[in-house]
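Trainee: Turn this into a structure:
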Amino acid sequence: MKKSVFLGALTVAGLTAGAAAAATLDDVKARGTLNCGVTTGLVGFAAPDSNGNWDGFDVGVCRAVAAAVLGDPQAVEFVPTTGKTRFTALASGEIDMLARNTTWTFSRDVDLKFEFVGVNYYDGQGFMVPKALGVSSAKDLDGATVCIQTGTTTELNLADYFRKNSMNYEPVPIETNAEAQQQYLAGACDVYTTDASGLAATRAAFENPSEHVLLPEIVSKEPLGPLVRHGDNEWGDVVRWTLNALIAAEELGVTSANIADMASTAGDSPEINRLLGTEGNLGEMLGLEADWAVKAISAGGNYGELFEKNIGETTPIGLARGLNAQWTDGGLLYSPPFR
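Mentor: Residues are numbered from 1 along each chain as shown. Take a look at the predicted model:
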């Protein structure tokens, strides 16, 4: 789910400058549809069903933005992107935002001229192997063949880890998660490495998930989240604060079940009132309706609801909150104040 950092920076920067000149917020309103870039398909995060309807944790963020801006969480055109196409798609204006399939790094932020608006999943790179391989640690992988998305931070992290531990490996280049799954299950590689969340989602889709093991080592920091183009500040604010609204709603106890009642009239909490638009003018500041956050949260629930429904411990993917717990519960999830 981490993609290439090697797309020509000058080309992307040039495209970005032109695309950002047109205000994306106005474009989305005029078009009546949000064009959201997602992965080519990863169950639990972003994947189409048999009828072509997209669902997942990252899809929920796209739908929340569409609801905030257009009042309709279904007004989204999902655009599958790979490591080779996603930066060009965003820079050229083909998509309005890219949802989660990119790790926030210095060069992507500064050199490629994109604006990361926040983190919706704190991750790290891991390793998956067949249980039959008899391996219990990544340090036992000397000489292994490894399925790897080339030209990615995943590839760079892998090289660093093996070099640091004086080990050798043979890369098996792949482009998409579907290709990696096919190659791995066919025995073309001993190991598949990508974000740990991606490995969990991939394993959950296997016919026999218990026959595969996620090794304990996490060898990188991978903060994943939505991004927009540099210079598109008003649109960046909309996407940023929509994500923050989902995070803050969980912290404040605002859920899809109680939001209608809580938004019907101002309550005792000034922070909740400002979030839900019953007090103040935060929506106006964003160029949106007063109830923009109500619509965003109602689209699929708050951050915690989206997490538990799509990738949480009761789902086949089975991810614990961990670093993605609220700061009040020992995690890293933290929204700036709504004031």
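
Trainee: contacting residues around residue 315?
Mentor: Contacts for residue 315 (Cβ atoms under 8 Å, 6 or more residues apart in numbering) come out as 44, 204, 308, 309. (C-beta placed from N, C-alpha, C; glycine too.)

Trainee: what's the single longest helix in this protein?
Mentor: Counting residues, the longest helix found in the chain (DSSP state H) is helix 233-252.

Trainee: what does the helix or strand just after that one contact?
Mentor: Sequence order places helix 259-262 as the next helix or strand after helix 233-252, per DSSP states H and E. With contact meaning Cβ under 8 Å, 6+ apart, helix 259-262 is reached by 249, 254, 272, 276, 294, 297, 298.

Trainee: Below-threshold pLDDT in the stretch 101-250 of the chain: ranges please.
Mentor: Scanning the stretch 101-250 of the chain for pLDDT under 70 picks out 151.

Trainee: count of residues packed around residue 174?
Mentor: Neighbour count for residue 174, taken as other Cβ atoms under 10 Å: 21.

Trainee: Now do the phi/psi pair for it.
Mentor: Backbone torsions of residue 174, given as degrees, to the nearest 10, read phi -140, psi 160.

Trainee: can you pull the pLDDT of the nearest residue to residue 234 once chain neighbours are set aside?
Mentor: Distances taken as Cβ to Cβ, 6 or more residues apart in numbering place residue 25 nearest to residue 234, at 5.1 Å, with adjacent residues excluded. Residue 25 carries a pLDDT value of 97.

Trainee: quick one, phi psi at residue 25?
Mentor: Dihedral angles for residue 25 - degrees, to the nearest 10 - are phi -60, psi -50.

Trainee: Next, the contact list for it, please.
Mentor: Neighbouring residues of residue 25 by Cβ under 8 Å, 6+ apart: 69, 234, 235, 238, 287.

Trainee: swap the cut-off to 10 Å and go again
Mentor: Contact analysis of residue 25 by Cβ atoms under 10 Å, 6 or more residues apart in numbering lists 69, 96, 232-239, 286-288.

Trainee: Which ChimeraX command selects the buried ones in those?
Mentor: To isolate the buried ones among those in ChimeraX, judged by 16 or more other Cβ atoms under 10 Å, type:
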select :69,96,232,235,236,237,238,239,286,287,288
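
Trainee: Tabulate the contacts of residue 25 (TSV), appending distance to residue 317.
Mentor: Output for these, formatted as TSV (distance: Cβ to Cβ, whole Å):
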residue	distance to residue 317
69	29
96	27
232	33
233	35
234	35
235	31
236	30
237	31
238	29
239	25
286	33
287	36
288	33
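
Trainee: Between the contacts of residue 25, which sits nearest residue 211?
Mentor: residue 239 (39.7 Å; Cβ to Cβ).

Trainee: surely the closest one meets residue 90?
Mentor: No - using Cβ atoms under 10 Å, residue 239 is not in contact with residue 90, being 11.9 Å away.

Trainee: distance of residue 49 from residue 40?
Mentor: Using Cβ to Cβ, to the nearest Å, we find residue 49 at a distance of 15 Å from residue 40.

Trainee: Neighbour count for those two, which is higher?
Mentor: Per other Cβ under 10 Å, whichever of residue 49 and residue 40 has more neighbours is residue 40, with 19 against 8.

Trainee: Then the more buried one would be within a strand, right?
Mentor: No - Residue 40 is assigned coil when assessed by DSSP: H, G, I helix; E, B strand; the rest coil, not a strand.

Trainee: isn't it right up against residue 149?
Mentor: No - the criterion here is Cβ under 10 Å, and residue 40 misses it with residue 149 at 11.4 Å.

Trainee: what's the overlap in contacts for those two?
Mentor: Counting by Cβ under 10 Å, 6+ apart, the contacts common to residue 40 and residue 149 are 82, 83, 175, 176, 177, 179.

Trainee: Could you tell me which of these are located in helices?
Mentor: Using DSSP H, the shared contacts of residue 40 and residue 149 in helices are 177, 179.

Trainee: For stretch 26-45, measure first residue to last.
Mentor: End-to-end distance for stretch 26-45: 28 Å, by Cα to Cα, to the nearest Å.

Trainee: Any buried residues in it, and which?
Mentor: 27-28, 34-45.

Trainee: what about the nearest residue to residue 167 once chain neighbours are set aside, is that helix, strand or coil?
Mentor: Nearest non-adjacent residue to residue 167, counting by Cβ to Cβ, 6+ apart: residue 142, 4.1 Å away. The three-state assignment at residue 142 reads coil, by three-state DSSP.

Trainee: In this structure residue 142 contacts residue 170, no?
Mentor: No - between residue 142 and residue 170 there is no contact under Cβ under 10 Å: 11.1 Å.

Trainee: and residue 339, what does it touch?
Mentor: Contacts of residue 339 (Cβ under 10 Å, 6+ apart): 270, 271, 274, 275, 280, 282.
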